[in-house]
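**Student:** sequence? don't have it. structure:
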């Protein structure tokens, strides 16, 4: 069994290579470079160092991941055949070097002795040029991985392997998903060499710059605090409110005492959506978010879960239930997406024996009825069109009339429930949300009743002096006033 040693060539010319790396290279019986396109190679050749490289594989590989994987496999195969290999990579083996990551994993699986010698990377030189202290945090990503860039990174970002204008263009587009077009970034070319270039440029001009080559990187300064999405102010305030010396009301709340507030805030969000009021919607979403943070804080104090667990849980669920986006499942339309979603849910929750399980018991009755009917329909228990649904509503109406004639209170309640259930089913066929429709009807009634109140108040406010017919005339006037206002708008 042979061995593998990995060394770094440093970020620039020969002077940035460590003494340990140079001695290892001098004593190597088999030296292989990931690429011979590096400033130190000229010195190696001048000193009579014999080496080979994997440069020819760059042309043969389908993509970089396949290339890096083939390099790792070749190195491990050589070692298993008894060869002692020194593998040299640009910069440091421990910074933004994907082949070393793959090599470490493969060597461990195959029990091949592997030694990685630390070295200087271009990040140290770049930080020195920019006056950036890595202790404040630094995110380093390969340009090919920018599609995995987190939505809100709190530190400076270094993007490596920006080796062509085409890659620069792709990096620009990826960064523009998060940053303004004019956001100032740093283009760093040939760092550590006599002809190095460090230029501050607007993001939109990145792929128009000259001098972009295999020694090009980017530095993206951290977003200003005000421009970053940050949960911590809200969670910090909630923690302070719940701590000793905090708010007496907040400190005594429990998950049970907050139940009604969760429902109220959810309905106020719906009302803001219906009102098409963006400012009100932002406010109501904040109120609903407060309830979520409140519940999570109480749970964290009890050692059950935290707000981070809530975020992580829904993130993982979204990835898991969207295999057509994050996996290899095909979904041609929204119906196929829903079918996949329900199938995955059934696998995740084997404890549910009935297709009707999973409807929350505290759901409002109209919403629960719609959920139950939808689940039954998914199983194939449904009418083919709306005609028999209308007929069912008429049937239930007549049965209610009969129950009323019999003056049987229990029977009346039962038949009224059947009628409401049938109407909810009709709303489902008409693609109308019964809960929202009734909420809208409630609001409409309140508006019109308020107009009737205004008419009564204008005469002294005595309802007893008006007949039902007169009050109904006020109601019809209110309806007409609304119709005229809608026509004018």
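**Tutor:** Perfect, thanks for sending it. Because the structure is a prediction, the values reported are computed rather than measured.

**Student:** domains of the chain?
**Tutor:** Structural domains of the chain, as assigned by automatic domain parsing, span the residue ranges 4-120, 123-227, 232-294, 351-432, 435-488.

**Student:** Would you mind identifying the next helix or strand past the helix or strand containing residue 370?
**Tutor:** Taking DSSP states H and E as the criterion, residue 370 maps to helix 365-378. Sequence-wise, the next helix or strand downstream of helix 365-378 (DSSP H and E) is helix 387-406.

**Student:** packing partners for that following helix?
**Tutor:** Using 3 or more CB pairs under 8 Å, 6 or more residues apart in numbering; DSSP states H and E as the contact criterion, the neighbours of helix 387-406 among helices and strands are helix 409-429. C-beta: built from backbone N, CA, C; applies to glycine.

**Student:** So what touches the helix it packs on?
**Tutor:** The set of residues external to helix 409-429 that reach it, using CB atoms under 8 Å, 6 or more residues apart in numbering, is 365-366, 369-370, 373-374, 377, 383, 385-386, 389-390, 392-393, 395-397, 399-400, 402-404, 433-434, 437.

**Student:** Filter those down to the buried ones.
**Tutor:** 366, 369-370, 373, 389, 392-393, 396, 399-400, 403, 433-434 (16 or more other CB atoms under 10 Å).

**Student:** and of these, the nearest to residue 9?
**Tutor:** When these are ranked by distance to residue 9 (CB to CB), residue 433 comes first, at 64.0 Å.

**Student:** For that closest one, list the residues it contacts.
**Tutor:** Each residue near residue 433 by CB under 8 Å, 6+ apart is listed here: 370, 427.

**Student:** quick one, phi psi at it?
**Tutor:** The phi and psi torsions at residue 433 (degrees, to the nearest 10) take the values phi -80, psi 110.

**Student:** Please apply the same query to the one 10 residues further on.
**Tutor:** Here is the backbone geometry of residue 443 (degrees, to the nearest 10): phi -70, psi -40.

**Student:** Now do the contacts for it.
**Tutor:** For residue 443, counting by CB under 8 Å, 6+ apart, the contacting residues are 271, 274.

**Student:** let's see it at 10 Å
**Tutor:** Taking CB atoms under 10 Å, 6 or more residues apart in numbering, we find residue 443 in contact with 271, 274, 275.

**Student:** Relative to residue 203, how far out is it?
**Tutor:** Distance, residue 443 to residue 203, by CB to CB, to the nearest Å: 46 Å.

**Student:** what's the answer for residue 55, then?
**Tutor:** Between residue 55 and residue 203 the distance is 32 Å, computed by CB to CB.

**Student:** More neighbours: those two, which one.
**Tutor:** residue 203 (19 against 12; other CB atoms under 10 Å).

**Student:** Can you tell me how far the more buried one is from residue 373?
**Tutor:** The separation that residue 203 has from residue 373, given CB to CB, amounts to 51 Å.

**Student:** now residue 213, what's its secondary structure?
**Tutor:** Under DSSP: H, G, I helix; E, B strand; the rest coil, residue 213 falls in the coil class.

**Student:** I'd like to know how many residues surround it.
**Tutor:** Around residue 213 sit 12 other residues, with neighbours defined as other CB under 10 Å.

**Student:** Return the backbone torsion pair for it.
**Tutor:** Comment: the main-chain dihedrals of residue 213 come out as phi -150, psi -160, following degrees, to the nearest 10.

**Student:** from now on call the first residue 39
**Tutor:** All right, first residue 39 from here; so that's residue 251.

**Student:** I'd guessed residue 145 sits against residue 110; true?
**Tutor:** Yes. Taking CB atoms under 10 Å as the definition, residue 145 is a contact partner of residue 110 at 8.2 Å.

**Student:** any residues in contact with both of those two?
**Tutor:** With contacts taken as CB under 10 Å, 6+ apart, residue 145 and residue 110 have residue 42 as neighbours in common.

**Student:** Show me what counts as buried in stretch 65-85.
**Tutor:** Along stretch 65-85, these residues count as buried under the neighbour rule (16+ other CB under 10 Å): 66, 68-74, 76-79, 82.

**Student:** just to revisit the earlier point, so which of the domains of the chain gets nearest residue 342?
**Tutor:** domain 270-332 (9.8 Å).

**Student:** Span of stretch 47-57 from start to end?
**Tutor:** Stretch 47-57 has its terminal residues 11 Å apart, counting by CA to CA, to the nearest Å.

**Student:** if we look at the helix or strand bottoming out on mean pLDDT in the chain, which residues are touching it?
**Tutor:** The element with the least model confidence among the helices and strands of the chain, by mean pLDDT, DSSP states H and E, is helix 372-386, at a mean of 71. Contact partners of helix 372-386, identified using CB under 10 Å, 6+ apart, comprise 355, 358-363, 365, 367-369, 371, 390, 393, 395-396, 412-413, 416.

**Student:** Stretch 484-500 too?
**Tutor:** Here stretch 484-500 makes contact (CB under 10 Å, 6+ apart) with 501, 503-504, 508-517, 519-520.

**Student:** Most neighbours out of these, which is it?
**Tutor:** For these, the largest number of neighbours (other CB under 10 Å) sits with residue 516, at 20 neighbours.

**Student:** how close does it sit to residue 505?
**Tutor:** The gap separating residue 516 from residue 505 is 17 Å, by CB to CB.

**Student:** For whichever strand or helix holds residue 307, buried residues please.
**Tutor:** In the assignment (DSSP H and E), residue 307 maps to helix 297-313. Neighbour counts using 16+ other CB under 10 Å place 299, 303, 306, 307, 309, 310 of helix 297-313 among the buried residues.

**Student:** any idea how far that helix is from the chain center?
**Tutor:** 24 Å (CA atoms, centre = their mean, to the nearest Å).

**Student:** And the contacts of whichever helix or strand comes after it?
**Tutor:** Under the assignment DSSP H and E, the closest C-terminal helix or strand after helix 297-313 is helix 316-339. Contacts with helix 316-339, where a contact means CB under 10 Å, 6+ apart, come from 269, 272-273, 275-277, 279-281, 288, 291-293, 295-297, 299-313, 315, 342-349.

**Student:** one step back: just checking, which of the buried residues of stretch 65-85 belong to strands?
**Tutor:** Assignment to strands by DSSP state E places the following of the buried residues of stretch 65-85 there: 69, 70, 71.

**Student:** Turn the residues you listed into JSON lines, columns for pLDDT and distance to residue 327.
**Tutor:** Compiled in JSON lines, those are given as follows (pLDDT from 0 to 100; distance: CB to CB, whole Å):
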{"residue": "69", "pLDDT": "95", "distance to residue 327": "58"}
{"residue": "70", "pLDDT": "94", "distance to residue 327": "55"}
{"residue": "71", "pLDDT": "94", "distance to residue 327": "53"}
